[in-house]
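> Curious how this folds, go ahead:
(2 chains)
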Amino acid sequence: GQNIDQPTEMTATEGAIVQINCTYQTSGFNGLFWYQQHAGEAPTFLSYNVLDGLEEKGRFSSFLSRSKGYSYLLLKELQMKDSASYLCAVSRKAAGNKLTFGGGTRVLVKP
Amino acid sequence: NAGVMQNPRHLVRRRGQEARLRCSPMKGHSHVYWYRQLPEEGLKFMVYLQKENIIDESGMPKERFSAEFPKEGPSILRIQQVVRGDSAAYFCASSPLLERSYNEQFFGPGTRLTVL
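Sure thing, here's the model as predicted:
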């Protein structure tokens, strides 16, 4: 089976940095996705990692260590609009690339 | 290029009625996935379909739930004899062909089902 863990909730201040960790256990790993989901809306794609290392995209960066089954999403220069849930999801090629999601991390950005 | 479309966006049903949720994938996408999100929870995989084929339905409840993706028209998720526990947001995602290793799934806006 698969197990994906991420913190339930985090609070940070506008302009600060927040790091959301995700640990996973799976076989046939074919990449890890991060999605952002605002309340009542669809998840939107943020990043994809399949090789070890850091992927940077503007204010958002994502890191992967396959040997440790670990990823993090780094949000820099936080803005109020970044208040949302952040979903970690693992893809398995043998499973038709269906995604297995963690429970999501709700990030609250305070002024 | 229009994104993934789902309708209706909101659906209210009484216990025992049927719910039909529709999903039109992005143009050129031949893979459709359905996920369910209960209140305050993460998304859970339900079923994966290609045109006229159910590839993986391991996440679908064995009874009352069915899905199809016909040659023409949208994918349909059908829930018969709904119960209160079916109240959730149902998201559809589509993806292009799997030949390349990276296959992002694009999500639709979801259908929020409320069972009274």
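
> Pull the contacting residues for the residue most central in space within chain B.
Among the residues of chain B, the one closest to the centroid is B:Trp34, at 3.3 Å (CA atoms, centre = their mean). By CB atoms under 8 Å, 6 or more residues apart in numbering or on different chains, the residues touching B:Trp34 are B:23, B:45-49, B:67, B:75, B:77, B:90-93. Placement of C-beta: from N, CA and C, glycine included.

> tell me which of the residues you listed is nearest to A:Gly104?
B:Phe91 (13.0 Å; CB to CB).

> so where's chain B shaky on pLDDT?
B:1, B:97-103 (pLDDT under 70).

> all helices of it, in order?
Remark: no helices are assigned in chain B by DSSP state H.

> circling back to that earlier point, now the residue nearest to the centre of chain B: closest residue in space, sequence neighbours ignored.
B:Met46 (4.4 Å; CB to CB, 6 or more residues apart in numbering or on different chains).

> Pretty sure that neighbour sits against B:Arg36.
Yes: at 5.6 Å, B:Met46 counts as touching B:Arg36 under the criterion of CB atoms under 8 Å.

> anything in stretch B:53-60 near chain A?
Yes: interface with chain A: stretch B:53-60 contributes B:55-56 (CB under 8 Å from any CB of the partner chain).

> Near chain A, which residues of chain B are found?
Contact residues (CB under 8 Å from any CB) of chain B with chain A: B:31, B:33, B:35, B:41-45, B:48, B:55-56, B:91, B:93, B:95, B:98, B:101-110, B:112.

> Can you show me the strands along chain B?
Counting by DSSP state E, one finds strands in chain B at the ranges B:5-7, B:10-13, B:19-24, B:31-37, B:43-50, B:53-56, B:65-68, B:75-79, B:88-95, B:106-107, B:111-115.

> Using a markdown table, lay out the ones you listed together with distance to A:Tyr72.
What follows is the strands of chain B, written out as a markdown table (distance: least, CB to CB, whole Å):
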| stretch | distance to A:Tyr72 |
| --- | --- |
| strand B:5-7 | 31 |
| strand B:10-13 | 35 |
| strand B:19-24 | 32 |
| strand B:31-37 | 23 |
| strand B:43-50 | 20 |
| strand B:53-56 | 29 |
| strand B:65-68 | 34 |
| strand B:75-79 | 34 |
| strand B:88-95 | 24 |
| strand B:106-107 | 22 |
| strand B:111-115 | 31 |
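
> Of the contacts of B:Trp34, which is the nearest to B:Leu11?
For the contacts of B:Trp34, the nearest to B:Leu11 is B:Tyr90 (9.0 Å; CB to CB).

> Am I right that that closest one is in contact with B:Leu113?
Yes: using CB under 8 Å, B:Tyr90 is in contact with B:Leu113, at 6.3 Å.

> list the residues that contact both of these two?
B:Leu21.

> For chain B, tell me whether the helix or strand A:Ser85 falls within is touching it.
Secondary structure assignment for A:Ser85, by DSSP states H and E: strand A:84-92. Yes: under the criterion of CB under 8 Å from any CB, strand A:84-92 makes contact with chain B via A:87, A:89, A:91.

> Buried residues of that strand, list them for me.
A:84-92 (16 or more other CB atoms under 10 Å in any protein chain shown).

> That one: what's the following helix or strand?
strand A:99-101.

> quick check, stretch A:50-57 touching chain B?
Yes: Stretch A:50-57 reaches chain B (CB under 8 Å from any CB) through A:Val50.
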